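# Okay, sequence plus prediction incoming.
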Amino acid sequence: MTIEWRYTIHPGLGVLSLAGFLGQEAVGRFQGAVGWALARGTGPVVLDLTGLRGWSDGGRLAVSEAALRLAAEGRGLELAAVPESGASGDGGDFGDGKVVVTVHGDLAAALSAHRDRGVEEREWRSDAWPEDA
């Protein structure tokens, strides 16, 4: 089992949405999606976990590593719709305490926090992204 991903950019903001299960076998695919986001966007990346059915410890570690990777490029990572087995309310347990990760209750709240970023939108996704997500 793996993940599917979709990346949508707005001026100054990117949204990386995941669907499926982020387990150890999906970490490489997730890291590739983060690389895609780094290459094609600017500003913070909101990791939309609305379509995620769950994640393993390895998947959670991959998210922490993504936060550090983005921070090294001068960009932040924010989480939206974290699974119940996920982060605490403040996100402080991601990135091994080296990076602050903002946690939003859902994608709408995350987008609302960045409201005046503009209206232009572009989107990419993996081939098997579920149509109903």
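It's in.
# Quick one: the helices in the protein, in order.
According to DSSP state H, the chain carries its helices in the segments 27-40, 57-72, 107-112.
# Can you say which of these is packed in most?
Mean neighbour count (mean count of other C-beta atoms under 10 Å) peaks for helix 57-72 among these, with a mean of 18. Using the backbone N, CA and C atoms, a C-beta is placed for each residue, glycine as well.
# Show me the contact partners of that one.
Helix 57-72 is contacted from outside by 21-24, 26-27, 30-31, 34, 37-38, 44-45, 47, 55, 76-77, 79, 86, 94-96, 98-99, 101, using C-beta atoms under 8 Å, 6 or more residues apart in numbering.
# Please indicate which of those residues are buried?
For those, a neighbour count by 16 or more other C-beta atoms under 10 Å gives the buried set as 21-23, 26-27, 30, 34, 37-38, 44-45, 47, 55, 76-77, 79, 86, 94-95, 99, 101.
# what number of residues lie near V103?
22 (other C-beta atoms under 10 Å).
# before we move on, the earlier item: as a markdown table, the helices of the chain with distance to E4 and mean pLDDT would be great.
Shown next, in a markdown table, are the helices of the chain (distance: least, C-beta to C-beta, whole Å; pLDDT from 0 to 100):
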| stretch | distance to E4 | mean pLDDT |
| --- | --- | --- |
| helix 27-40 | 9 | 95 |
| helix 57-72 | 14 | 94 |
| helix 107-112 | 16 | 88 |
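# center of the chain, which residue is that?
Residue closest to the average C-alpha location in the chain (C-alpha atoms, centre = their mean): L47, at 1.8 Å.
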